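**Q** Model the following, please.
(one chain, ligands or ions: 1)
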Amino acid sequence: MEWWRHLRKLDHHMPWGEVWKMNPDLVMCLDQFLFDNSLDFQILCGTQGVHSGKLHEQGFAVDFGVSCHKRRRFDVLIDLFRYPFRGIGVYPYGRYPKLKNPLALHCDMRPLTEQPFGVRKLWIGIPKDMTDRSQGNNYYGLNEENLKRFGVI
Ligand SMILES: [Zn+2]
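**A** Residues are numbered from 1 along each chain as shown. Now for the predicted structure:
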């Protein structure tokens, strides 16, 4: 747990779930992204995340929101891609009431055994039923066409 002291934006009191399971590479990479880009943010979940199954349970994934009120959501996404997350999910309808113009994201450091080296897992998650989020999401490719279709850019 000693490595948490070196972070600049994140700390172990945030809602990570089982904080001791959180993967240091993932948390340090997210901390760097938030620090470099001076983003307001909110951590939603770590190990208690419901989707992406074992990745969350084992501490390899985090769901969070960033505020895009100073910069366009597309620019924030481009910046996010500069960091070596191995999985990135965008949730255009994710809700973060405390953040201005929020962008809801999932980032992970999935083990290399689950994804070929240098290949990222990318997706857009859209609720199956906007009035009942418990129905889960439909998943789409993370590309320009779908980013426009779902109002991210
Ligand atoms: Zn997630």
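
**Q** Which residues of this protein lie near the ion?
**A** Residues of the chain that fall close to the ion, judged by C-beta under 5 Å from the ion: 49, 52, 61, 63, 106. Heads up, the C-betas are built off the backbone N, CA and C, glycines and all.

**Q** which of those residues tops the neighbour count?
**A** residue 61 (28 neighbours; other C-beta atoms under 10 Å).

**Q** can you pull out the strands in the protein?
**A** Assigned by DSSP state E, the strands in the chain fall at 41-45, 61-67, 87-91, 102-108, 121-127, 137-140.

**Q** and of the residues of the chain next to the ion, the nearest to residue 33?
**A** Residue 33 lies nearest to residue 106 out of those, by C-beta to C-beta, at 13.4 Å.

**Q** Can you list the low-confidence ranges for this protein?
**A** For the chain, the stretches with pLDDT under 70 are 52.

**Q** Enumerate the beta-bridge partners assigned to the most centrally placed residue in the chain.
**A** When C-alpha atoms, centre = their mean is applied to the chain, the residue found nearest the centroid is residue 106 (2.4 Å). With DSSP bridges as the criterion, residue 106 is bridged to residue 63, residue 89.

**Q** Next, the contact list for it, please.
**A** 49, 51-52, 61-63, 87-91, 125 (C-beta atoms under 8 Å, 6 or more residues apart in numbering).

**Q** which other residues reach the longest helix anywhere in the chain?
**A** Criterion DSSP state H: the longest helix present in the chain is helix 24-36. Residues external to helix 24-36 that are found in contact with it (C-beta under 8 Å, 6+ apart): 3-4, 6-10, 39, 41, 59-62, 64, 66, 79-80, 83-85, 107-109.

**Q** rewinding a little: as JSON lines, the strands of the chain with distance to residue 75 would be great.
**A** Output for those, formatted as JSON lines (distance: least, C-beta to C-beta, whole Å):
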{"stretch": "strand 41-45", "distance to residue 75": "16"}
{"stretch": "strand 61-67", "distance to residue 75": "11"}
{"stretch": "strand 87-91", "distance to residue 75": "14"}
{"stretch": "strand 102-108", "distance to residue 75": "11"}
{"stretch": "strand 121-127", "distance to residue 75": "17"}
{"stretch": "strand 137-140", "distance to residue 75": "21"}
